[in-house]
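Enquirer: okay, sequence plus prediction incoming.
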Amino acid sequence: MVIGALRITLLIPECHSLKDKRRVVKQLIERTRNRFSVAIAETGLLDDHSRAEVGLAAVGNDRRVINSVLDKATGYIDSLGTALIVDRELELLNI
């Protein structure tokens, strides 16, 4: 079994309040969850109105497939244009 865990730090320059940020992040999470077979949630920077941290996880039996799914999810998040990816950390675990 392969578990892929991805942490993405986002910059959301157009948000000026936590309410704006929550709207953007919620939409990003819903769209990514619906498009890819991954678990995704906001995991950090909860009180910062201009930055967000989201975590994604995927499970499968092939490292290449899990890596590809998480790479495509990253590209999709970037293509939405609502936030800029400033950091990305990926870890693949074999169990």
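Expert: Structure's in. What do you need? Numbering: from 1, shown residues only.
Enquirer: okay, strands next: where are they in this protein?
Expert: 2-11, 39-44, 51-60, 84-94 (DSSP state E).
Enquirer: mind saving the C-alpha coords of the shortest one as PDB?
Expert: Only the C-alpha atoms of strand 39-44 are listed here, as PDB (Å, rounded to 0.1, in the frame of the first residue of the first chain):
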ATOM      1  CA  ALA A  39      -8.900  13.600   0.600                       C
ATOM      2  CA  ILE A  40      -8.300  17.400   1.000                       C
ATOM      3  CA  ALA A  41      -8.700  19.800   3.900                       C
ATOM      4  CA  GLU A  42      -7.400  23.200   5.200                       C
ATOM      5  CA  THR A  43      -4.700  22.200   7.700                       C
ATOM      6  CA  GLY A  44      -2.900  25.400   8.700                       C
END
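Enquirer: so in that sheet, which strands flank it, and in what orientation?
Expert: Applying DSSP bridges, strand 39-44 is found paired with strand 51-60 (antiparallel).
Enquirer: got the angle between the strand it pairs with and strand 84-94?
Expert: Relative orientation of strand 51-60 and strand 84-94, computed by axes from the mean of the first three to the mean of the last three C-alpha atoms, to 10 degrees: 30 degrees.
Enquirer: picking that back up, for L70, which of the strands of the chain is the nearest?
Expert: strand 2-11 (4.7 Å; C-beta to C-beta). Heads up, the C-betas are built off the backbone N, CA and C, glycines and all.
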